[in-house]
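Q: Predicted model, plus sequence, below.
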Amino acid sequence: MKSPVHRCRDVEHGRAQSSANGTSHGADLLQPEQRIPISKDVITAYAAPAMWFIKDACGIVCAVITWLLVFYAEFVVLFVMLIPARDLTYSIVNGVLFNTLAFLALASHLRAMCTDPGAVPKGNATKEYIESLQLKPGQVVYKCPKCCSIKPDRAHHCSVCKRCIRKMDHHCPWVNNCVGENNQKYFVLFTMYIALISLHTLILVVFHFLYCFEDDWTKCSSFSPPATVILLILVCFEGLLFLIFTSVMFGTQVHSICTDETGIERLKGEVGKWGKIPCWEAVETAFGGPLSLSWCSPFSGLSCKRTPQEHMAVPQGEIIQEDVIEIPLT
């Protein structure tokens, strides 16, 4: 049975085609129940890898701010709280823990930002390409009018990335990228590690304030007492703010993965009638396999090798004008 989003697409594409061509050929020849959505695996078979980076000014600024805030927390934790501390073991243990979490957070951020979120090949809505897919009669191909790509099921167009993204959850300016099928794991890890270092920082601030109240303020920090208080208050505000924000985002992303329903699908009211998979299977799919330590690693799946399939060329041709394309092509 077709989901409401497919019926909405049928109506929208039919209206657009009628207004453009003065007729309603393709959209009215098939009943809604005959319109079979095309698998994402078929559509993306010719996708070629490339370095992925979105040239969006707002996103780049937000990404740089994210790194600067982490570096600021690093500065305060090390030079205000840990290095002046009397207990060497306390400083080493907390320093190693904080730096490990910060490194994993920034690595996850970098992977989320520079990983293709699941972009559909651009400009492949040609008769030659569609014929090469060898689809069956009764199937309908949807073309995105903005990026002229063949749109698989559950793909949405991002106005910032200017591409259709498979299982797009949302566009996050803090990672300067969409959160989609291929990089959702790294975004989840980024929010988790930021929440952990924020919590760790708040705990260290509390202990340091207690330590300074018990001892002379001039001996509990390398900076003057007013500067120490200001630095601690700022890092405390930063930690509290990011702890709340990233914890909420982490919970939202885990819920989306477990329910197999993206944020944009919930926002648009697209109830999941696309054959939802069980919760644990969805989690394994998002994190790249059965439960293991690689789930917590932003470096899993990192490889410079290319498979032969990635070198396959997309058949060239003229872009088809219709937004709803019947199979077989006429």
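A: Structure received.

Q: SS state for the nearest residue to residue 180 once chain neighbours are set aside?
A: Among residues not flanking residue 180 along the chain, residue 117 sits closest, at 3.2 Å (C-beta to C-beta, 6 or more residues apart in numbering). The way it works is simple: take the backbone N, C-alpha and C, and place the C-beta from them, glycine included. Secondary structure for residue 117, judged by DSSP: H, G, I helix; E, B strand; the rest coil, is coil.

Q: cool, and residue 98?
A: helix.

Q: mind checking the backbone torsions on residue 134?
A: phi 60, psi 50 (degrees, to the nearest 10).

Q: Could I get the contacting residues of the residue nearest to residue 180?
A: By C-beta atoms under 8 Å, 6 or more residues apart in numbering, residue 117 lies in contact with 52, 161, 165-166, 168, 177-184.

Q: Buried subset of those as a PyMOL selection?
A: The buried residues among the contacts of residue 117 can be selected in PyMOL (16 or more other C-beta atoms under 10 Å) with this line:
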select buried, resi 52+161+165+166+168+177+178+179+180+181+182+183+184
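
Q: After the helix or strand hosting residue 265, heading C-terminal, what element do we hit next?
A: Per DSSP states H and E: residue 265 is located in helix 263-267. Counting by DSSP H and E, the element after helix 263-267 in chain order, helix or strand, is helix 279-287.

Q: Please list the members of the contacts of residue 117 that lie in strands.
A: In this view, the contacts of residue 117 that belong to strands under DSSP state E are 165-166, 177-179.

Q: ok, the residues you listed vs residue 107, which is closest?
A: Of all the ones in strands among the contacts of residue 117, residue 107 sits closest to residue 177, with 14.9 Å by C-beta to C-beta.

Q: What residues of stretch 191-208 count as buried?
A: 191-202, 204-205, 208.

Q: got a list of what residue 202 touches?
A: Residue 202 neighbours (C-beta under 8 Å, 6+ apart): 236, 239-240, 243.

Q: Would you convert those residues into a markdown table that also reports secondary structure?
A: Converted to a markdown table, the contacts of residue 202 look like this (three-state DSSP):
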| residue | secondary structure |
| --- | --- |
| 236 | helix |
| 239 | helix |
| 240 | helix |
| 243 | helix |
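
Q: so what pLDDT did the residue nearest to residue 180 get?
A: We note a pLDDT of 94 for residue 117 in this prediction.

Q: ok, now how distant is it from residue 175?
A: 10 Å (C-beta to C-beta, to the nearest Å).

Q: tell me what the helix or strand harbouring residue 228 is packed against?
A: Element membership of residue 228 [criterion: DSSP H and E] is helix 225-259. Counting contacts by 3 or more C-beta pairs under 8 Å, 6 or more residues apart in numbering; DSSP states H and E, helix 225-259 packs against helix 57-75, helix 184-214, helix 279-287.

Q: ok, the spatially closest residue to residue 188 that is not a sequence neighbour - contacts?
A: Of all residues beyond its chain neighbours, the one nearest residue 188 is residue 253 (4.9 Å), with distances taken as C-beta to C-beta, 6+ apart. The neighbours of residue 253, taking C-beta under 8 Å, 6+ apart as the test, are 169, 179, 184, 187-188, 191.

Q: What count of nearby residues applies to the nearest residue to residue 284 once chain neighbours are set aside?
A: Closest residue in space to residue 284, ignoring its immediate chain neighbours: residue 290 at 6.0 Å, by C-beta to C-beta, 6+ apart. Residue 290: 9 surrounding residues under other C-beta atoms under 10 Å.

Q: Residue 290: helix or strand, and which one exactly?
A: Per DSSP H and E: residue 290 is located in neither a helix nor a strand.

Q: Could you tell me the per-residue confidence at it?
A: 93.

Q: Assess the claim that it and residue 280 are in contact.
A: No - taking contacts as C-beta atoms under 8 Å, residue 290 lies outside contact range of residue 280: 9.7 Å.

Q: Low-confidence stretches in the stretch 51-200 of the chain?
A: Applying pLDDT under 70 to the stretch 51-200 of the chain flags no residue at all.

Q: In the contacts of residue 202, which residue is surrounded by the most others?
A: residue 239 leads those on contacts (other C-beta under 10 Å) with 25 neighbours.

Q: Could you pull out the helices in the stretch 1-150 of the chain for me?
A: 4-21, 25-29, 40-43, 57-75, 88-114, 127-132 (DSSP state H, counting those that start in this stretch).

Q: buried stuff in the fourth one?
A: Read it as helix 57-75. Buried, per 16+ other C-beta under 10 Å, within helix 57-75: 59, 63, 66, 69-70, 73-74.
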